[in-house]
Structures are given as structure tokens and as C-alpha cells.
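In: here is a sequence with its predicted model. Questions after.
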Amino acid sequence: MSRRILIISPVRDEAAYLQQTIDSMVAQTLRPVVWLIVDDGSKDETPQIAERAARAHSWIRLYRRPDRGRRKVGGGVVEAFNEGLAQFNLDEFNYVCKLDGDLEFMPVYLERLMEKFEADPRLGTASGKSFQRVNGRLIWERTGDDFSQGQTKLYRVQCFNEIGGFVSEVMWDGIDCHRCRMLGWKAHSFRDESLKFIHLRPMGSSFRSIYHGRLRWGYGQYFMGTHPLYAIAIAGYRMLERPFIIGGLLLFAGYWSSWLSRKPRYPDLKFRSFLRRWQLARVGLSVWPAKNNLEPAEYAASRP
């Protein structure tokens with residue numbers, strides 16, 4: 001089976017971390033055909049670091065976007081990714097990956113993920129598990145196993161095309177995994193030791209602060225269409241991680257303030273209905289339909 005991988009990394013002001021990500025990628029036992037680093041208007045040394053890597057390695061490329069003047073969380077990442085993706089014919093690749101520029105990962109990371117895809121033809125998107133260094137210890141950034149993590153999402157090209165790519169909004173990295181399930185694919189993040197990666201910047205802290213990030217996360221849950229009971233469950237779950245208690249409360253506040261102000265939501269009603277059935281099943285309030293265990297083609301044929 002061919003392992004032609006295209007990796008695209010939207011980056012902005014990542015000079016403190018990008019070289020570590022480059023070192024991790026250069027050390028891979030299985031390298032991508034192309035790794036495109038999309039500089040999204042950085043004001044620090046990020047493009048110079050990427051340019052040095054591109055000069056040293058023919059499979060690394062730099063693409064520069066003009067500075068929009070501010071960091072645009074969620075939608076900005078997707079816009080930069082899509083502009084990078086437009087530089088290629090995706091049909092020439094078997095896999096496509098969105099990779100952040102603030103990560104460290106083991107030399108076998110890509111090779112082990114390929115083995116996961118080749119072992120399961122229904123696996124549509126996958127990643128390892130994310131950790132942070134806190135006081136000299138590695139702390140797990142908790143994410144459910146049935147999601148690929150937003151920092152590093154590897155996709156079969158067929159699956160990526162079928163879900164229509166990424167939605168240009170906060171929670172793009174949750175919507176994509178649920179759309180995979182809608183179409184009969186699997187989304188997964190694996191707990192294997194060899195697939196651990198270190199997130200050098202705390203999750204949700206790239207814009208303003210981690211507290212603002214939790215409010216934004218709550219809005220993202222609202223935008224996606226999350227059921228209110230599931231929003232309560234998520235808020236309680238996130239109270240048990242840094243920033244303790246207040247992080248979950250802010251997530252809850254972000255969801256309900258968006259609800260009360262009637263902010264726009266993801267417009268696909270079939271998706272939101274599917275999402276809520278899945279969420280209620282996760283909290284034990286409904287039964288997950290057996291048809292969702294079909295193969296992708298069989299599932300597609302079973303839909304009205």
C-alpha cells in the first residue's frame with residue numbers, strides 16, 4: 001500500500017517552538033513526500049526558521065501568506081491550511097495531515113500511524129495523544145479516543161474528501177471527526193507509547209489566555225450543535241484539569257452565553273441531529289444505532 005503523505009502546517013509566531021517540530025520531522029523513519037509550512041503572517045523569526053529548513057531538505061517547503069494583522073483562532077488556521085492545500089493536487093497523495101508548529105514527537109510517529117491505517121480500512125483520521133511538560137512531568141491533555149487531536153490530524157485522502165475538508169470556524173477539529181462517523185469512517189487517537197507527542201504550548205492558550213480559550217471552547221461546542229446535557233458533562237469533566245474548576249466553569253459560561261445571545265450555529269441540521277444522538281449515547285441516555293458500525297460504503301448506501 002502506498003504511503004504518499006502530504007503534511008501542511010499553518011504557523012504564526014512559532015519561533016519559540018518551530019525548530020523542535022522541524023527536528024522531530026527530520027528524524028522520522030517515514031518522511032512525508034512534502035511538508036509545506038504555511039507562514040500565516042508571522043512577526044517573529046518563524047519564516048526564517050522554516051526557510052532554513054527548506055534549504056536543507058528538499059521535501060520541506062515554505063509558503064508565506066500576508067499578515068492579516070491579528071491571530072484568527074480556528075477559522076484562521078483552516079484558511080491557512082486550505083491555501084496551502086490549494087498548492088497541490090490531492091489526488092497525488094494517499095494521506096494528508098494538518099500538523100501544528102509547536103510539537104515534539106518520536107521518530108516512529110508517522111510510521112506507527114501508517115501501520116494503524118493499514119490495519120483498519122475504516123480508519124479515516126488518526127493521531128497519537130498529546131502531553132504537556134508541567135514541572136518536569138508529562139501531563140496528558142485529555143481527549144476522547146474517538147477523536148484525532150487537532151494539533152496533528154492525519155487523514156486518508158478519500159475520507160478527507162468525503163467529509164468536505166475542514167469547517168472554517170472554532171470546533172473545526174471536532175466537526176471533522178463527527179462527520180467521519182456520519183459517513184461510516186472511524187476517528188481515533190491512540191494511547192500507544194510511540195504515538196505520544198508533546199504540545200509545547202498549553203492547549204487553548206495561543207490567543208489572549210487559557211481562560212479566554214476555555215470561553216472560546218464553550219462557544220465552539222455551542223456552534224457545533226452540542227446537546228445541553230452533554231455541555232454540562234463536558235464542563236464537569238474539564239474541571240478536573242488545569243486550570244482546575246475555573247476552566248470547566250468558563251467552558252460552561254461560553255456555551256450558555258452563546259445560547260442566550262443566539263449566536264450562529266453550524267447550519268447542517270442532519271449533522272447536528274447525528275451529533276446529539278452520539279452525545280446522548282455517550283452519557284448513557286440513548287442507544288447508538290447499529291448501522292453506524294457498517295463499513296463506509298455500506299453506511300452511505302443505508303442513509304435515506
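Out: The structure has been received and is ready for your questions.

In: which residues of the stretch 1-150 of the chain fall in strands?
Out: Using DSSP state E, counting those that start in this stretch, the strands of the stretch 1-150 of the chain run over 5-11, 34-40, 60-65, 95-99, 103-105, 123-127, 129-134, 137-140.

In: for G218, which of those strands is the nearest?
Out: strand 129-134 (20.1 Å; C-beta to C-beta). In this view, the C-beta of every residue, glycine as well, is placed from N, C-alpha and C.

In: ok, residues contacting that closest one?
Out: Strand 129-134 has contacts (C-beta atoms under 8 Å, 6 or more residues apart in numbering) with 138-141, 143, 149, 151, 189-191, 195-200, 202-203, 242.

In: next one: that strand to chain centre, how far?
Out: Chain-centre distance of strand 129-134: 15 Å, with C-alpha atoms, centre = their mean, to the nearest Å.

In: okay, and for the stretch 151-300 of the chain, where does confidence drop off?
Out: 202-209, 286-300 (pLDDT under 70).

In: and if we set it to 80?
Out: Applying pLDDT under 80 to the stretch 151-300 of the chain flags the ranges 202-209, 212, 237, 241-243, 285-300.

In: related to what we said a few turns ago, are any of the contacts of strand 129-134 buried, and which?
Out: Buried members of these, counted by 16 or more other C-beta atoms under 10 Å: 141, 143, 149, 151, 189-190, 195-200, 202-203.

In: which one of these is nearest L113?
Out: Among the buried ones among the contacts of strand 129-134, and counting by C-beta to C-beta, the member closest to L113 is L195, at 6.8 Å.

In: is that closest one in contact with E111, as I believe?
Out: No - assessed by C-beta atoms under 8 Å, L195 is found out of contact with E111, at 10.3 Å.

In: show me where the stretch 51-200 of the chain has helices.
Out: Using DSSP state H, counting those that start in this stretch, the helices of the stretch 51-200 of the chain run over 75-85, 109-119, 157-163, 172-182.

In: comparing those, which comes out most buried?
Out: helix 172-182 (a mean of 23; mean count of other C-beta atoms under 10 Å).

In: now the strands of the stretch 1-150 of the chain in TSV, with mean pLDDT and distance to Y211?
Out: Output for the strands of the stretch 1-150 of the chain, formatted as TSV (pLDDT from 0 to 100; distance: least, C-beta to C-beta, whole Å):
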stretch	mean pLDDT	distance to Y211
strand 5-11	97	24
strand 34-40	97	24
strand 60-65	97	29
strand 95-99	98	26
strand 103-105	97	23
strand 123-127	98	26
strand 129-134	91	17
strand 137-140	87	18
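
In: can you tell me which of those is nearest to L275?
Out: Shortest distance between L275 and the strands of the stretch 1-150 of the chain, using C-beta to C-beta, is found for strand 123-127: 16.3 Å.

In: just the CA trace of the closest one, in CSV.
Out: Provided in CSV are the C-alpha atoms of strand 123-127 (Å, rounded to 0.1, in the frame of the first residue of the first chain):
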residue,chain,number,x,y,z
LEU,A,123,-9.9,4.3,10.0
GLY,A,124,-10.4,7.7,8.4
THR,A,125,-8.4,10.0,10.7
ALA,A,126,-6.0,9.4,13.5
SER,A,127,-3.4,10.8,15.8
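
In: what angle do that strand and strand 95-99 make?
Out: Inter-element angle recorded for strand 123-127 and strand 95-99: 30 degrees (by axes from the mean of the first three to the mean of the last three C-alpha atoms, to 10 degrees).

In: so what touches strand 123-127?
Out: If you take C-beta under 8 Å, 6+ apart as the criterion, strand 123-127 is touched by 113, 116-117, 148-149, 151-156, 159-160, 163, 176-177, 180, 183, 185-190, 195, 197, 296.

In: that one pairs with which strands, and in what direction?
Out: According to DSSP bridges, strand 123-127 forms sheet pairs with strand 152-156 (antiparallel), strand 186-189 (parallel).

In: buried deepest among those, which one?
Out: strand 152-156 (a mean of 25).

In: name the residues that touch it?
Out: Applying C-beta under 8 Å, 6+ apart, the contact partners of strand 152-156 are 5, 94-100, 103, 105, 110, 113, 117, 123-128, 148, 173, 176, 185, 197.
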